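*Asks:* please find the sequence and the predicted model below.
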Amino acid sequence: MKTKAAILTELHKPLSVEEVEIPAPGRGQVLVRIKATGVCGSQLGEIDGRKGPDKWVPHLLGHEAGGVVEDTGAEVTRVKPGDHVVLHWRKGPGIEAKTPAYDWNGQRVNAGWITTFQDYTIISENRLTVIAPDVPFEVAALFGCCVTTGFGVIENDAKLKAGETVLVIGAGGVGLASIMAARIHGAGVILAADIHDRKLALARECGATHTIHSRKKDLRAAVEKILDGRHLDVVIENTGLTPLIELGYEICGPQGRTILVGVPDRREKASIDTLPLHFGKVLTGSHGGGIEPAADIPRLLELWRRGRIDCSKFLDGGRRYKLDEINEAIEALRSGAAIRPMVWMGEGKR
């Protein structure tokens, strides 16, 4: 069986959309037809080699999608053909299968337990969560990483308490989801900082009480003016930029929690004063918000059904990209023109 797939053939280069041979699902593996997949900042990091040399090139990409199960391998019990599923990179229940390999004209193409920039994909059973068939596929995709990570950062990493003050640096998909979560959990003041006016407007719509254009204003001074003597209890840093990591930690209160969501370039080292860590200040990294897919995806989808999570804020007016336009979608994310570019398999622009 063949499938079209977007392949990372070389770091710092556009993805190459090619036809590859897809293996039959083995033990613990599931064949899924991808319907819609989001593009995440993590893929920008992979393309840019942010974590260093990539020994797996050429390989496939993508880690959040909505799709339909086509076939299952041996011992798979949690999904069956016809099921609608969220594809997520955080581990859930079920078998963690061997990672698959695809064939591209005789060349091996590597893949992880989940890849989604393709029409059909082999997924490890524990990266799938069954959902109701009435959930739109683009909404399902958002719950593979974007929404769940944003909520997990607030609920699990920051452990936000009602009335606390929050600063979200970077109002992309995860940032907007964190703002929604902070609002739902009763934050007293929610500040959002970004360099794009459109993202700041969306942050307001998602629940931010104050917004700061951090190219037009000094972030530290703006925060201090808004809080007027109050401390920041929580800082969520989504950009991975070293100066903002350092600043976010510095301006967080003496008992505050700074959560690093954005992944920095491994060649850049942050410099911080560690002394406050001995007296209650917290600095920690986030791993997908620490979410448990089997429990959290249904719980958060219920909030979506009740109108508490507005997925339209992430979807850029319903813009659709087809797989052949994947590099256009990636550049839209990189430039800040898009919040969460959504690639639809077998469909073009609307």
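*Replies:* That came in fine, so what should we check first?
*Asks:* how close does the residue of the chain most remote from its centre get to residue 91?
*Replies:* Within the chain, residue 229 marks the point farthest from the mean C-alpha position, 33.6 Å out by Cα atoms, centre = their mean. With distances taken as Cβ to Cβ, to the nearest Å, residue 229 is found 43 Å from residue 91. (Glycine included, C-beta is placed from N, CA and C.)
*Asks:* with residue 130 instead?
*Replies:* Counting by Cβ to Cβ, the separation of residue 130 from residue 91 is 16 Å.
*Asks:* and for residue 4?
*Replies:* Residue 4 is 28 Å from residue 91, by Cβ to Cβ.
*Asks:* try residue 272
*Replies:* Taking Cβ to Cβ, one finds residue 272 at 30 Å from residue 91.
*Asks:* which regions of this protein sit below the pLDDT cut-off?
*Replies:* Low-confidence segments of the chain, defined by pLDDT under 70: 347-350.
*Asks:* and with 50 instead?
*Replies:* Within the chain, the ranges that satisfy pLDDT under 50 run 348-350.
*Asks:* burial count for the nearest residue to residue 36 once chain neighbours are set aside?
*Replies:* Nearest residue to residue 36 in three dimensions, chain neighbours excluded: residue 137, at 4.1 Å (Cβ to Cβ, 6 or more residues apart in numbering). Per other Cβ atoms under 10 Å, the neighbour tally for residue 137 reads 20.
*Asks:* residue 137 reaches residue 64, doesn't it?
*Replies:* No - if you go by Cβ atoms under 8 Å, residue 137 and residue 64 don't touch, sitting 11.4 Å apart.
*Asks:* in stretch 253-270, what counts as buried?
*Replies:* 253, 256-264 (16 or more other Cβ atoms under 10 Å).
*Asks:* what's the closest non-adjacent residue to residue 220?
*Replies:* In space, and not counting its chain neighbours, residue 220 is closest to residue 251: 5.5 Å by Cβ to Cβ, 6+ apart.
*Asks:* mind picking the two most distant members of the buried residues of stretch 253-270?
*Replies:* Pairwise distances across those peak at 24.7 Å for 253 and 263 (criterion: Cβ to Cβ).
*Asks:* residues touching residue 269, list them.
*Replies:* residue 242 (Cβ atoms under 8 Å, 6 or more residues apart in numbering).
*Asks:* that one belongs to a helix?
*Replies:* No - Residue 269 is assigned coil when assessed by DSSP: H, G, I helix; E, B strand; the rest coil, not a helix.
*Asks:* near residue 99, how many other residues are there?
*Replies:* 16.
*Asks:* hmm, residue 109 and it touching each other?
*Replies:* No - under the criterion of Cβ under 8 Å, residue 99 is not in contact with residue 109, lying 11.5 Å apart.
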